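Student: below: sequence and its predicted model.
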Amino acid sequence: MTARRTLSLRDRLWWGLAAIGVISVVVAVIVAITTHQFLVAQMDDRLDSYAGAVSLDQPIRQIPEALAEIDEDERPSEATRGYIDQDGNFYVIVTSNIEGASDAVPVVPLAELTDERTHFTTEASEGSSEFRVLARPTANGWDITALPLDDVKSATGRLVAIEAIGIALVLGTLALVAWWVNRLGIAPMRRMVDASTQIAEGDLDVRLAADQGGTETNELAHSLNTMIGNLTDSLAEQERSEARLREFVADASHELRTPLTTVLGYAELHRRGALEDDDSQNDAWARTESEAARMRRLVEDMLTLAKYDAEPHLDTRDIALGDLATEIVADATVAYPETSFEFTGGDATVAADGDRLRQAILNVIANAAIHGGDTVTVTVASHHDDAAITVHDNGPGMSPSVAARATERFVRGDTSRQRATGGAGLGLAITAAIVDAHGGTLTVESESGEGTTVTLALPTA
């Protein structure tokens with residue numbers, strides 16, 4: 001049982017072919033032997049027929065008279081008739097009168113002769129022929145009737161040749177089919193097993209050839225390649241997610257540590273009585289309140305991101321982007337008087353949550369007002385399947401590498417992490433989460449010294 005389980009499909013295929021070959025040979029041998037025995041039995045019946053025509057069971061001196069009764073011209077015969085006396089002398093009385101028959105007669109050993117009627121095979125007196133002999137005991141010896149086995153041997157030989165050719169053709173065809181099955185099915189499967197073993201050992205660069213042979217095998221190879229690709233992408237994405245998570249935790253800890261240190265520092269000063277005058281106490285409480293408010297905003301921003309990560313509920317309705325952009329630009333003009341805002345026009349209708357979409361656009365415009373130059377341009381454009389609102393500023397811009405990561409959490413164009421230059425770096429991350437929740441995309445294009453362009457693309461209603 002164990003040995004059978006360890007055989008591969010290819011080994012089982014070839015062992016099956018070998019078994020068919022052995023069975024075919026055994027069947028052919030059985031058929032040949034059975035046919036030969038049947039022909040010999042027919043020969044024995046013919047011997048009985050020939051022997052019954054004239055009986056030689058009489059004294060030697062009367063044999064000529066018995067032979068005189070045989071009219072050879074009237075009874076063509078291929079049989080040889082004769083008489084063997086008690087001393088083993090063989091007297092040939094009648095030979096074959098068939099045209100082309102040889103003069104050979106059977107060589108009958110005395111040991112083959114018994115007291116009973118006997119059929120046996122013996123050699124010929126010349127050549128390589130054999131005779132089938134019927135020996136009947138008589139008063140003076142044995143009556144011998146013999147027929148040549150040339151026809152039986154010829155028929156058996158032709159049968160064996162036909163069987164050999166047939167077996168060779170069958171085995172050749174089966175071998176060709178086995179080779180074809182092995183090439184199109186088993187060999188590609190073996191390569192897939194080897195590839196699976198390599199994958200299980202951690203080698204995810206393994207790929208299977210697309211021309212494995214059969215259609216099903218090709219489809220399986222394609223599916224395996226797709227599965228390996230998806231697995232590789234998933235592992236790579238998992239690694240990136242883990243790296244982002246580690247970076248997020250580190251950045252969040254960094255962002256919270258400074259205000260916490262400030263609050264704890266002023267609390268320690270107050271506990272020790274170092275803040276004696278009113279001005280010092282008022283300044284300390286103002287700074288403490290400011291840092292606490294910053295921590296609250298940071299926590300609220302992280303909660304907002306967590307909410308969007310958990311698939312937030314959106315109260316969608318048709319929103320006119322032109323009207324919304326006009327309102328936001330008007331509010332920003334009041335909020336940031338040192339920055340010039342311009343809405344260049346355009347209109348489109350999208351299905352969105354108005355409050356959240358307003359928050360997203362406000363984040364982008366506020367970011368442009370704080371970190372950009374002195375001019376911010378807002379444009380709305382409608383395309384075939386989506387609408388876009390674009391915010392461009394003429395500020396210092398960012399390097400392409402920083403712009404590519406601008407929507408990630410805690411990423412700021414100012415790598416010095418000075419809080420005076422901006423917030424915690426969650427504004428664009430929240431905006432990107434809002435846009436993504438609406439089925440849209442957010443892109444950031446920027447180069448150092450050429451300003452920054454942020455585009456919010458949303459599906460049209």
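Tutor: Now that the structure is in, tell me what you want to look at.

Student: center of the chain - which residue?
Tutor: In the chain, the centroid-proximal residue (Cα atoms, centre = their mean) is Leu220; its distance is 3.2 Å.

Student: off-centre distance for the helix or strand hosting it?
Tutor: If you go by DSSP states H and E, Leu220 is part of helix 215-272. Distance of helix 215-272 from its chain centroid, counting by Cα atoms, centre = their mean, to the nearest Å, is 33 Å.

Student: ditto for stretch 431-443
Tutor: The answer for stretch 431-443 is 38 Å, by Cα atoms, centre = their mean.

Student: quick revisit: for Gln42, see how far away the residue nearest to the centre of the chain is.
Tutor: Counting by Cβ to Cβ, to the nearest Å, the separation of Leu220 from Gln42 is 60 Å. Yep, even glycine has a C-beta here, placed from its N, CA and C like the rest.

Student: likewise for Arg190?
Tutor: According to Cβ to Cβ, Arg190 stands 55 Å off from Gln42.

Student: give me the more crowded residue out of those two.
Tutor: In this view Arg190 and Gln42 are compared by other Cβ atoms under 10 Å, and Arg190 has more residues nearby, 14 against 11.

Student: list the buried residues in the helix or strand containing that one.
Tutor: Arg190 is located in helix 187-200, with elements delineated by DSSP H and E. Buried residues in helix 187-200, counted by 16 or more other Cβ atoms under 10 Å: Ala187, Pro188, Met189, Met192, Ala195, Ile199.

Student: how does the protein divide into domains?
Tutor: By the assignment in automatic domain parsing, the chain contains the domains 6-155, 313-459.

Student: show me where pLDDT drops low in the stretch 301-450 of the chain?
Tutor: 305, 308-312, 409-425 (pLDDT under 70).

Student: now do 50
Tutor: Within the stretch 301-450 of the chain, the ranges that satisfy pLDDT under 50 run 415-422.

Student: can you give me the strands in it?
Tutor: Under the criterion DSSP state E, counting those that start in this stretch, the stretch 301-450 of the chain contains strands at 316-320, 340-343, 349-353, 375-382, 386-393, 441-446.

Student: redo the ones you listed as JSON lines? Include mean neighbour count and distance to Ala330.
Tutor: Converted to JSON lines, the strands of the stretch 301-450 of the chain look like this (neighbours: other Cβ atoms under 10 Å; distance: least, Cβ to Cβ, whole Å):
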{"stretch": "strand 316-320", "mean neighbour count": "14", "distance to Ala330": "15"}
{"stretch": "strand 340-343", "mean neighbour count": "16", "distance to Ala330": "8"}
{"stretch": "strand 349-353", "mean neighbour count": "21", "distance to Ala330": "20"}
{"stretch": "strand 375-382", "mean neighbour count": "19", "distance to Ala330": "11"}
{"stretch": "strand 386-393", "mean neighbour count": "22", "distance to Ala330": "15"}
{"stretch": "strand 441-446", "mean neighbour count": "19", "distance to Ala330": "23"}
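
Student: which one of those strands lies nearest to Glu116?
Tutor: Taking Cβ to Cβ, strand 441-446 is the member of those nearest to Glu116, at 109.2 Å.

Student: pairing partners for the following helix or strand past the closest one, with directions?
Tutor: Per DSSP H and E, the first helix or strand lying C-terminal to strand 441-446 is strand 452-459. As defined by DSSP bridges, the strand partners of strand 452-459 come to strand 386-393 (antiparallel), strand 441-446 (antiparallel).

Student: phi and psi next, for Ala146.
Tutor: phi -140, psi 150 (degrees, to the nearest 10).

Student: how much space separates it from Thr118?
Tutor: Ala146 is 12 Å from Thr118, by Cβ to Cβ.

Student: repeat that for Val160.
Tutor: Using Cβ to Cβ, we find Val160 at a distance of 28 Å from Thr118.

Student: measure the nearest residue to Thr441 once chain neighbours are set aside to Val329 for me?
Tutor: Excluding the flanking residues, the one nearest Thr441 by Cβ to Cβ, 6 or more residues apart in numbering is Ala457, at 4.9 Å. Per Cβ to Cβ, Ala457 is found 19 Å from Val329.

Student: what does Ala155 give?
Tutor: Note on Ala155: its distance to Val329, by Cβ to Cβ, is 110 Å.

Student: these two: which is more packed in?
Tutor: A direct count of neighbours by other Cβ under 10 Å for Ala155 and Val329 places Val329 higher, at 18 against 13.

Student: can you pull the contacts of the more buried one?
Tutor: Phe341, Glu342, Phe343, Ile365, Val378 (Cβ atoms under 8 Å, 6 or more residues apart in numbering).

Student: can you do 7 Å?
Tutor: For Val329, the contacting residues are Phe341, Phe343, Val378, by Cβ atoms under 7 Å, 6 or more residues apart in numbering.
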